[in-house]
Structures are given as C-alpha cells and as structure tokens.
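J.: The following comprises the amino acid sequence and a computationally predicted model.
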Amino acid sequence: SQQGEEDPQALSIQEGENATMNCSYKTSINNLQWYRQNSGRGLVHLILIRSNEREKHSGRLRVTLDTSKKSSSLLITASRAADTASYFCATDGRGSSNTGKLIFGQGTTLQVKP
Amino acid sequence: GAVVSQHPSWVICKSGTSVKIECRSLDFQATTMFWYRQFPKQSLMLMATSNEGSKATYEQGVEKDKFLINHASLTLSTLTVTSAHPEDSSFYICSAPRVTIGTGELFFGEGSRLTVL
C-alpha cells in the first residue's frame, strides 16, 4: 500500500522562484529518493538520500531528510519552465530487506510559468 | 540514453483481448524487475516483483491470473494483461535495479499506456 504523502499536491510558481515540496512516510527506511515524471512519461531519478544523511545537494536540487519526523523536502532553486513536471518521493522501507522495491508518495505537480 | 526499454509505448485493444507489455534492460542484467501501475493524476502502485527463473511476487490485491508476469531471461520481463477490460486501462511502468540490489536506485522504462475499449 502507498505510504507516502506529499504536499502540496499542486504548486504553481513563476520562473526564477524556488519550489519546495514535502513528503512524509510511515515506516523506517534505508533511503529516500525523489523522482521526476513528465506528463505521460517514465520516471527520472533525481536524488537519493540515505537514512543517516540529513541534507544533500545536486545542482539546483536540495533534499533534506528528518527521520525523527519521517519527512523529507525537495527544494528546486531558480526554477525554469522545463522543471514543470510531477515529483514523487519514494522509500524502500527498511523492512523490505533492501529488495529495491519502492513505495511512492502521491506526488506534487509543479507548474513553472515562464 | 534509456537503460530500461518498454514496448509498446501505447496500445489500444478491445475488451476481452490480451495484451503483452515488454520490459528490457538494455545494457545490464536484471534478475529482478518491478511492475507498477499508474492511474491518471495518481501515484505509482507496485503490482508485482518479477523474478528471473521463478514465479513473480504479487502485491496484495493484484490478481496473478489476470496480470501474468514472465521473466524468462536476465534482460526481459513481460506483463500480460489477460482478458482486458476498460478498468484495466492505465499506464504501466517497469523498473529494474542497474546496480546490486540494496543501493536503492532504480531505472524506469518510459511506460506503456493501455486503453481498453
């Protein structure tokens, strides 16, 4: 069953602004990942943060992880129109014995207006 | 370039027919692949884990007789939707771990959109 919840469900911003998306999960994890999905397409892996990490950066992306609150955030800085997509967090679930099976959040649909 | 390929990318079929979707790992071997289903404006729901050389493991609520999974080689898993009905219309996505299972990162196919008339 799905365990992740993301907010906001939809976000609309102007180009150049920052976008912040949040994700909460329910069980213990080994790591948490963020994926991007353009409309009608497959998923593209953005960044992975391990349970013993608190913050990670990749280009314009910044991810935080708070295991005590079971939550994560994805910040996209200086957004571009090309960032328009749906963003999903996904966890592996520590109890899954690291099988590679992911549980996805509900996703945030981001629209960046030019 | 894509490391996991799905085919077909879209398919339209009549109610009652069966549809096969292929998932291939292009430059690596995958003993395990995962099949997800995504309804419009919703998240991905894991359907089953495809295991090379053995039976697939289905998630609770997924009918194994309706969604047949075959993982006959280290680079190919197939999902067959049998006796498809309109409610089976969905976006089906496969994924495969490129590195040793346990590191978390998976590569996803581009998805297959099934429309059952």
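T.: Cool, the structure landed. Numbers count the residues shown, from 1 in each chain, chains lettered A, B, ... in the order given.
J.: Can you name the residues in contact with the strand or helix carrying B:Arg37?
T.: Using DSSP states H and E, B:Arg37 maps to strand B:32-38. Here strand B:32-38 makes contact (Cβ atoms under 8 Å, 6 or more residues apart in numbering or on different chains) with A:99-102, A:104, B:23, B:25, B:44-52, B:67, B:69, B:71, B:77, B:79, B:90-97, B:101, B:106, B:111. Heads up, the C-betas are built off the backbone N, CA and C, glycines and all.
J.: excluding its backbone neighbours, what's nearest the most centrally placed residue in chain B?
T.: A centroid search over chain B (Cα atoms, centre = their mean) returns B:Trp35, at 3.6 Å, as the residue closest to the centre. Sequence neighbours aside, B:Met47 is the residue nearest to B:Trp35 in space, at 4.6 Å (criterion: Cβ to Cβ, 6 or more residues apart in numbering or on different chains).
J.: Give me the angle between the helix or strand where the one you found lies and strand B:32-38.
T.: Secondary-structure assignment from DSSP H and E places B:Met47 in strand B:44-51. Angle between the axes of strand B:44-51 and strand B:32-38 is 150 degrees (criterion: axes from the mean of the first three to the mean of the last three Cα atoms, to 10 degrees).
J.: low pLDDT regions in chain A?
T.: A:1-4, A:93-100 (pLDDT under 70).
J.: again but with chain B, I slipped
T.: In chain B, residues with pLDDT under 70: B:1-2, B:99-105.
J.: again, 80 this time
T.: Low-confidence regions of chain B, defined by pLDDT under 80, span residues B:1-2, B:98-106.
J.: Chain A contacts on that one?
T.: Applying Cβ under 8 Å from any Cβ of the partner chain, we find that chain B lies next to chain A at B:4, B:6, B:32, B:34, B:36, B:41-46, B:49, B:60, B:91, B:93, B:95, B:97, B:101-102, B:104-111, B:113.
J.: What count of nearby residues applies to the closest residue to B:Thr17 other than its chain neighbours?
T.: Leaving aside its sequence neighbours, B:Thr17 sits nearest to B:Ala84 (Cβ to Cβ, 6+ apart; 6.0 Å). The tally of other residues near B:Ala84 (other Cβ atoms under 10 Å in any protein chain shown) stands at 22.
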